[in-house]
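*Asks:* Build me a structure from this.
(chains A and B)
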Amino acid sequence: MFGDTEEGLKERIAATLADLGHAPRAVDLRRIPFSGAWGAATSVAKALAGQAAAAEVAAATAGLAKKEAKERAAAILSAKAQEIAATLAARLLAAGVADRVEAVNGYVNIYFDHTSVAARVLARVRAEGDDYGRGAPKGERVMVEFSQPNTHKAMHVGHLRNIALGNAMSAILARAGYEVLRANYLGDIGRHVIQCLWCYRAFHQGEEPPERKGRWLGEIYTESYARLHYREDVIGFINRLTSEDEAFRLAADRMLKELWRKKTASGEDIAYLLGQLSNGKGEFDLNKLHDPGCVADLWPIIGAQLREEVQPTRAQGPLADKEVAQRYLDEWADLDRHADWWVPAGRWEEEVRATFQEWERKDPEFMALWERTRAWSLDEFHRIYDQLGVGFDVWFYESAVEEEGRRMVGELLERGIAEVSEGLPVVKIDEKLGLEQERYRVLPILRSDGTTLYATKDLALTREKFERYHVDRAVWVIDVRQSLYMQQIFKILELWGFEQARHCHHLGYEMVTLQGAAISSRKGTGVLYEDVAAEALRRARGVIEEKNPEMPPEQKGRVAAQVGVGALLYGMLDRDNNKVLVFDFDEALSLQGQSAPYIQYAHARACRILERAGALPEGEQDFSDLTDHEVNLIEQIALLPEEVQRAAREYKPLLIATYAYSLAVRVNDFYENCRVLDAPEPRRGARLVLVDAARRALAASLGLLGIAAPEAM
RNA sequence: GCCCGCGUAGCUCAGGGGACAGAGCAUCCGCCUUCUAAGCGGACGGUCGCAGGUUCGAAUCCUGCCGCGGGUACCA
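*Replies:* Here you go, the predicted model:
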């Protein structure tokens, strides 16, 4: 907290306490929490008071009621603490520890000499320049894997949280002194890709748009999901309907008579349907029908019944709850738009499996299609990374680790780490670790049909990280829901003998939701990154036009991008990663208050002062008679190096996000209260040096968050 | 069932043993002849989910309970 002086200070306090006859005990040090007061405080006196006054307290409170006794004890202890603090403070002062040492409230406050500490801090910032805050090299190589988008799917704002966290974490670790490798791992194969390509070939071959093909592919994926789940959705709908709508149940008999007249359904199926539609249990199961096709004929009859419930034409019908019926009618209409899917849907799953086989046997035609469409997605991803200013050192692809994954499964089986259970290779982790209670459970590492799982590839890939990239520590930025899975992977790697596995870390984050509903690219309920970013840039541009119309148009565009994207990124970083983030468009795009633009603005203001001032003054400046505004700012600037270390240690970019904001608050406070350019010398020179240091600290902390620091806004 | 996370101002969130619990948004009032007002000052607003415990001291640590979310062998 106070650099090299911290340990020394603690030792001197401890020695002084020993001198005063107190038993040895740990000495705490913290910052004095008052504005304008800069120094270290210790609460040892409070702790010592508890022991020193124990007997006195016991005597004074004997026989008193609990509440009274407590108040009495508190009074005695607080007086005792202040007494010890006062003695200690006097000794420290006499010993020349500092020019000002005071006992306040039982604390001992050791005040820094503003002038000399300010000079030291600002000299350090100036000497280190753009490297201010960089920690000494740790000699450890860390790989941070993040982003991991799936090709053939759209990028939505949920993915942005991952990118923002991973990018910031990488920057923080790098500045803290680690050698960092940023890795991306693209899901370019798997069920989702096969599904998308099946849908593309079956329904959209040759109709791709001239641009934004990646996005279009995402839409195809969403459609494939809807198609493949169509029957399930219909059955689910019927089950909910029959359990909730009594009028509907009572009409079952009439509806099935109508179906019977169509003569398409067998008597057995009619009987089954009648039972399911009228019993209200919601257990209708498609597999129990001889001919699922009859549901297609029943479907319009269901719709007619719901319309009848909403707007009765027959007087004698049972009374329906119109609100419920209307809700179901709306849902029916949604599903009815794709009524023609029902019959062919029966063979789609089969078609998808066949497509999977094409991949497995590397069918040339299929491979060509896969590569072509994959490139569409990759192009789009690269555009997004460029806009975000995110770069990667290593690109991994799921498609490239499948084979290695299979080999690895063989190896794990041979070594007895994995075993075949219930027809597939698994690792019984708890059993292998000899744990009595279930904790890591069982992880399947290959499907029973021999196709690979995510775990298959992940295990193989991680081994590659260790062996080929020689990383000492691997960090995964992934959804918290993978938390158990990640622990399983770490344990398996440990069982496998990888020492590095003990230092691996899962940087989990909670999901991004949309007013309660989870974002899902399967269901297409996401807010696409592209759309949000476009709007963010548009709003930022609007503010620039208003505030700074003189700025050259080319610069306006650049700054709008820096501000808009910055606002989005900051919104992803300024809350704890294990808190659900409800994405609010206006809040995320806000350009005021606690936000990236606020911090960027403080930076731009500092830049403007420096620009107008010309060159920085050379030599030592006089930092005597600093105002509270200046002291508070310097104190915050001085904090950056340790905040970087803490953020790296705790895997918390949030710490930097909060730090940057408080720094900007202090810069603005300084700006409002302290004139620089028209201040008399030597004050002017000293303040210019301070502004320069503040500017560097702001730029550095924004950089750690992956956010640009424009010089003008 | 078991495991993990969350619960702090009207809303969104910081703070995770210490000195009066802090921001932003929202609402209201004030500040641009002075280095960019994307700013600044002020007002309003809190039994820190509940109950015990540990401690000189608990929003913070421990236990139990309540509420919400997530995970729990062939999804990723």
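*Asks:* C-alpha only now, for contacts and for neighbours.
*Replies:* Will do.
*Asks:* helix, strand or coil for A:Ala90?
*Replies:* In three-state terms, and counting by DSSP: H, G, I helix; E, B strand; the rest coil, A:Ala90 is helix.
*Asks:* Looks to me like A:Ala136 is in a helix.
*Replies:* No: A:Ala136 is assigned coil when assessed by three-state DSSP, not a helix.
*Asks:* and it, how many neighbours?
*Replies:* By other CA atoms under 10 Å, 10 other residues sit near A:Ala136.
*Asks:* The helix or strand of chain A with the lowest mean pLDDT: what's the following helix or strand?
*Replies:* Least confident helix or strand of chain A, by mean pLDDT, DSSP states H and E, is strand A:517-518 with a mean of 60. Sequence order places helix A:529-547 as the next helix or strand after strand A:517-518, per DSSP states H and E.
*Asks:* Only alpha carbons, please: show the helix or strand just after that following helix as CSV.
*Replies:* Following helix A:529-547 in sequence order, the next helix or strand is helix A:553-573 (DSSP H and E). Extracted C-alpha coordinates of helix A:553-573, given in CSV (Å, rounded to 0.1, in the frame of the first residue of the first chain):
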residue,chain,number,x,y,z
PRO,A,553,-15.1,14.7,-39.7
GLU,A,554,-12.5,12.0,-40.0
GLN,A,555,-11.6,12.5,-36.3
LYS,A,556,-15.2,12.6,-35.3
GLY,A,557,-15.7,9.2,-36.8
ARG,A,558,-12.7,7.8,-35.0
VAL,A,559,-13.6,9.3,-31.7
ALA,A,560,-17.2,8.2,-31.9
ALA,A,561,-16.0,4.6,-32.3
GLN,A,562,-13.7,4.9,-29.4
VAL,A,563,-16.4,6.4,-27.2
GLY,A,564,-19.2,4.2,-28.3
VAL,A,565,-17.3,1.0,-28.1
GLY,A,566,-15.7,2.2,-24.8
ALA,A,567,-19.1,2.7,-23.3
LEU,A,568,-20.2,-0.8,-24.2
LEU,A,569,-17.0,-2.4,-22.9
TYR,A,570,-17.1,-0.4,-19.6
GLY,A,571,-20.7,-1.5,-19.1
MET,A,572,-19.5,-5.1,-19.2
LEU,A,573,-16.7,-4.5,-16.8
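*Asks:* now for helix A:553-573, which elements pack on it?
*Replies:* helix A:157-176, helix A:364-388, helix A:529-547, helix A:585-588, helix A:596-613, helix A:653-673 (3 or more CA pairs under 8 Å, 6 or more residues apart in numbering; DSSP states H and E).
*Asks:* mind redoing it with 7 Å?
*Replies:* helix A:157-176, helix A:529-547, helix A:585-588, helix A:596-613, helix A:653-673 (3 or more CA pairs under 7 Å, 6 or more residues apart in numbering; DSSP states H and E).
*Asks:* Can you list the buried residues in the fourth one?
*Replies:* It stands for helix A:596-613. Under the neighbour-count criterion of 16 or more other CA atoms under 10 Å, helix A:596-613 has A:596-607, A:609-610, A:613 buried.
*Asks:* and the helix or strand just after it, which residues are buried?
*Replies:* Next helix or strand after helix A:596-613 toward the C-terminus (DSSP H and E): helix A:628-650. Within helix A:628-650, the residues scored as buried using 16+ other CA under 10 Å are A:629-648.
*Asks:* Now the strand or helix carrying A:Lys46: buried residues?
*Replies:* Using DSSP H and E, A:Lys46 sits within helix A:44-52. For helix A:44-52, the buried set under the neighbour-count rule, 16+ other CA under 10 Å, comprises A:Val44, A:Ala45, A:Lys46, A:Leu48, A:Ala49, A:Gly50, A:Ala52.
*Asks:* who's in contact with the closest residue to A:Gln487 other than its chain neighbours?
*Replies:* Using CA to CA, 6 or more residues apart in numbering and skipping the chain neighbours, the partner closest in space to A:Gln487 is A:Tyr440 (7.1 Å). Shown in contact with A:Tyr440 (CA atoms under 7 Å, 6 or more residues apart in numbering): A:Ile429, A:Asp430, A:Gln488.
*Asks:* I'd assumed A:Val442 was in contact with the first one.
*Replies:* Yes: A contact is recorded between A:Ile429 and A:Val442 when judged using CA atoms under 7 Å, the distance being 5.8 Å.
*Asks:* between the two, which one's more packed in?
*Replies:* Comparing A:Ile429 with A:Val442 by neighbour count (other CA under 10 Å), the higher total belongs to A:Ile429, at 22 against 15.
*Asks:* Next, the contact list for the more buried one, please.
*Replies:* A:Tyr440, A:Arg441, A:Val442.
*Asks:* let's see 10 Å
*Replies:* A:417-418, A:435, A:438-443, A:488-489, A:491-492, A:495 (CA atoms under 10 Å, 6 or more residues apart in numbering).
*Asks:* Got a quick PyMOL command for the buried subset of these?
*Replies:* Per 16+ other CA under 10 Å, the buried members of these correspond to this PyMOL selection:
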select buried, chain A and resi 417+418+440+443+488+489+491+492+495
